[in-house]
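1. next one to model:
(one chain, ligands or ions: 1)
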Amino acid sequence: MASRTCDLVGRVHPAHQFDLDALLRYASSHVHAFPLSPSKFSVSQFGYGQSNPTFLLEVSSGSSVKRYVLRKKPPGKLLESAHAVEREFQVIEALGIHTQVPVPKVFCLCTDSSVIGTPFYIMEYLDGRIFLDPGLPGLAPKSRRAIYQAAAKALASLHSADVDTIGLGKFGRRENYCKRQVERWAKQYIASTGDGKSDRNPKMLELVDWLRQHVPLEDSLGATSGLVHGDFRIDNLVFHPLRVIGILDWELSTLETKCVMLHTCMVLASFYNFNNATVQVHLEQLGNESENQDLLKETGRFVPSKKVQELRKRLIKFMEDRIYPMENEFYKLAQSTMRWTIHPEEENLKELAKREGLWNLFIPFESAARAKKLLDGINEFPVDKSNDCFLGAGLSNLEYGYLCEVMGRSVWAPQMFNCGAPDTGNMEVLLRYGDKEQLQEWLIPLLEGKIRSGFAMTEPEVASSDATNIECSIKREGDSYIINGKKWWTSGAMDPRCRLLIVMGKADFTAPMHKQQSMILVDIQTPGMHIQRPLTVFGFDDAPHGHAEISFENVSVPAKNILLGEGRGFEIAQGRLGPGRLHHCLRLIGAAERGMQIMVQRALRRKTFGKFIAEHGSFRSDIAKVAAPNMALKVLDMAIQVHGAAGVSSDTVLAHLWATSRTLRIADGPDEVHLGTIAKLELQRAKL
Ligand SMILES: Cc1cc2nc3c(=O)[nH]c(=O)nc-3n(C[C@H](O)[C@H](O)[C@H](O)COP(=O)(O)OP(=O)(O)OC[C@H]3O[C@@H](n4cnc5c(N)ncnc54)[C@H](O)[C@@H]3O)c2cc1C
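-> Numbering: from 1, shown residues only. Prediction:
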């Protein structure tokens, strides 16, 4: 049977007693809404299997009683890496803020041992049930099944967390986790069996061998790391009534390769006979990775999951049926005197894409989870089943790659699926860093495709590839910020639907170099903002979205529009650039694919000197060279060449695709900056 959490406490062990007054003083000033002068303050200790002593705090004021849980290091001399309550706090806090993984809310971490003798943290008390016996005796089979499934779901939600997005990318050593783990288990098994101990099971030795031979390829890189609890047992879960409301005891948590989680889970299932619901849910959640593994082994290449393949098929059909046939119409309008207006068919296509579930596909499932949590209960937010696609299709960046590539085949396509830059980057910024009010005001209309947005960082007067040079000032005055400065290349700002600019500037020119920058949300209609001119790229002005030069003269914006707080702009810019560049590159692959397709069709139709162009030797040798650096530009350049004069005209899409592709060696940071970052990461990895 289950025990209620409050039934698991008893008197504080004499060796674990500490100064209650000191704790009360500390908690009163560090825990939000902690009663200041309680009429009663009592402490009892949880007695069940705690390596870090854990206490229930009960604080009474009049008739109300508040309960908290305190977890601390044990007293005495400890092994350096053991009992790290600081790490526990870090992981619970990150999961609580950024994911839907059920964890108690944490209130404060105290690393000052002078307060109660050792570091400690205080968290929410969860009133629920704990099952001490994993066999769940005394429960009806139906309830038992529900409990096991809830446990498996909680574990799967944990393993779905994107550690880089939630700030836990450096929480543990990433590479060779699987190899180290298998060796450790093998050693432990050998040490605890044979020679007068329990019999050694030959099947277990076979299993060890099998695991050694099946260490996944990416284990040595640690590139797809996820978070692992390290001691995920049913008695570390709090249920209410059949749902997991909290995962406890994070002492052994660390990072491990994601597909290893599946292996680990299967091994655990066989060791503990836990329940294969865990494995099933993992297969559902991590199925793409394991599926890819198998297909990688069989064919030598990755193949996307069934879900992604199905989406890709639908997307390609949409492109062929709806978008390619409209391209000429869109170009015609964009070159006419009405160039800064929107073709009515664009909005129709957006509605169709929404209906087909081809909407906001770029949103990573992790960002979607944060937004769902923040926007839960808001009426305007369409999170019900019929509108599920407003927060994407729950894809990983890898999965979206297969779809992004298809969208890149037409410069008009991404925005039809609400997946166009700079909106994607801006939505991602709001999804990751915006507060509830900011999400409500700006994210919802962006998700719905009702408005568009721009990102204003680059300035004409300073070398903007280095964002520390930015000079635009964002100065706090009372309840507002006043913006003064000049920006250029703000893409999308000419679009008549553009309502929001995310502006980067400096709130404090005297702060440390990377803390001077802030980002603020600005309504484009705010007085003092002047669009000076649209800029052109090799003669294309990219109407109707355009790239604007904008001046800001005493533009007054409500203080609540600051993102994350003053001095956090650099940090946000880094987070924004990563996925943005990735999306551009994936679209470039699509542009190259399209160029290749058009080129081959042309070369098979047109004859020079008595032969089809495709039959000339130079064409054959060129076509074999597509995997070079700057691949997209090379392919498009070849496609233009094959078309002769038609290739540089606007009668085909090639010149525009080439111009757009060329800009991407500068836009979103020049090649040199990205190469510098890659070199830095490679050097860091070599030092590990
Ligand atoms: C089509 C297009 C759209 C754009 N859209 C936006 C937008 O929406 N919002 C926005 O804010 N900006 C936008 N930009 C601007 C773009 O982000 C900047 O142009 C880019 O960051 C470079 O800044 P810069 O032009 O000031 O060049 P600079 O910083 O002056 O750099 C010039 C050159 O210096 C070299 N260089 C720089 N750093 C290094 C280094 N570390 N090592 C070696 N060489 C280096 C590179 O060759 C680089 O091209 C856009 C640009 C284009 C072309």
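
2. could you point out which element follows the strand or helix carrying Lys66?
-> Using DSSP states H and E, Lys66 sits within strand 64-72. Counting by DSSP H and E, the element after strand 64-72 in chain order, helix or strand, is helix 85-98.

3. list the buried residues for that following helix?
-> Across helix 85-98, burial judged by 16 or more other CB atoms under 10 Å covers 85, 87-96, 98. (C-beta placed from N, C-alpha, C; glycine too.)

4. which of those residues lies closest to the ligand?
-> His98 (26.3 Å; CB to the nearest ligand atom).

5. now the strand holding Lys66: how far from the chain's centre is it?
-> 33 Å (CA atoms, centre = their mean, to the nearest Å).

6. same check on stretch 419-427?
-> Using CA atoms, centre = their mean, the offset of stretch 419-427 from its chain centre is 14 Å.

7. any regions of the stretch 301-450 of the chain where pLDDT drops low?
-> Low-confidence segments of the stretch 301-450 of the chain, defined by pLDDT under 70: 301-302, 377-388.

8. circling back to that earlier point, which one among the buried residues of helix 85-98 sits at the bottom for pLDDT?
-> Lowest pLDDT among the buried residues of helix 85-98: His98, with 87.

9. contacting residues for it?
-> 161, 165-167, 366, 369-370 (CB atoms under 8 Å, 6 or more residues apart in numbering).

10. again, only this time at 6 Å
-> By CB atoms under 6 Å, 6 or more residues apart in numbering, the residues touching His98 are 166, 370.

11. contact partners for the spatially most central residue of the chain?
-> The chain has Thr165 as the residue nearest its centroid, 4.3 Å off, counting by CA atoms, centre = their mean. Shown in contact with Thr165 (CB under 6 Å, 6+ apart): Glu366.

12. could you redo the last one with a cut-off of 8 Å?
-> Thr165 touches 98, 364, 366-367, 432, counting by CB under 8 Å, 6+ apart.

13. and the helix or strand containing Lys486, how far out from the chain middle?
-> Using DSSP H and E, Lys486 falls within strand 480-491. Counting by CA atoms, centre = their mean, strand 480-491 is centred 28 Å from the centre of its parent chain.

14. so does that strand get close to the ligand?
-> Yes: counting by CB under 6 Å from any ligand atom, the ligand has neighbours in strand 480-491: 489-491.

15. and stretch 319-326, what's buried?
-> 319, 322-324, 326.

16. tell me which of the residues you listed is nearest to the ligand?
-> The ligand lies nearest to Ile323 out of the buried residues of stretch 319-326, by CB to the nearest ligand atom, at 21.6 Å.

17. you'd agree the closest one is in a strand?
-> No: looking at Ile323 with DSSP: H, G, I helix; E, B strand; the rest coil, it is helix, so not inside a strand.

18. my guess is it contacts Leu352. True?
-> No: with contacts counted by CB atoms under 8 Å, Ile323 stays clear of Leu352, the gap being 10.4 Å.

19. who does the lengthiest helix in the chain touch, helix- and strand-wise?
-> Determined from DSSP state H, the single longest helix within the chain is helix 569-605. Helix 569-605 sits against helix 397-407, helix 423-433, strand 498-506, strand 517-523, strand 611-612, helix 617-623, helix 631-643, helix 654-663, with contacts defined as 3 or more CB pairs under 8 Å, 6 or more residues apart in numbering; DSSP states H and E.

20. quick one: that helix to chain centroid distance?
-> On the basis of CA atoms, centre = their mean, helix 569-605 sits 20 Å off its chain's mean C-alpha point.

21. so which bits of it are buried?
-> Applying 16+ other CB under 10 Å to helix 569-605 flags 569-573, 575-596, 598-600, 602-603 as buried.

22. do stretch 513-533 as well
-> Buried residues in stretch 513-533, counted by 16+ other CB under 10 Å: 515-522, 524, 529.

23. now stretch 427-444
-> Taking 16+ other CB under 10 Å as the criterion, stretch 427-444 shows 427-434, 438-444 as buried.

24. next, give phi and psi for the residue of the stretch 251-400 of the chain found nearest the ligand.
-> Closest approach between the stretch 251-400 of the chain and the ligand, counting by CB to the nearest ligand atom: Ala334, at 15.2 Å. Reported as degrees, to the nearest 10, the phi and psi values for Ala334 are phi -70, psi -10.

25. ok, the one 3 residues further on next?
-> Recorded main-chain torsions at Thr337 are phi -70, psi -10, according to degrees, to the nearest 10.

26. quick one on the thing from earlier: tabulate the helices and strands packed on helix 569-605 (JSON lines), appending distance to Ile470.
-> Formatted as JSON lines, these follow (distance: least, CB to CB, whole Å):
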{"stretch": "helix 397-407", "distance to Ile470": "28"}
{"stretch": "helix 423-433", "distance to Ile470": "16"}
{"stretch": "strand 498-506", "distance to Ile470": "6"}
{"stretch": "strand 517-523", "distance to Ile470": "6"}
{"stretch": "strand 611-612", "distance to Ile470": "54"}
{"stretch": "helix 617-623", "distance to Ile470": "43"}
{"stretch": "helix 631-643", "distance to Ile470": "29"}
{"stretch": "helix 654-663", "distance to Ile470": "21"}
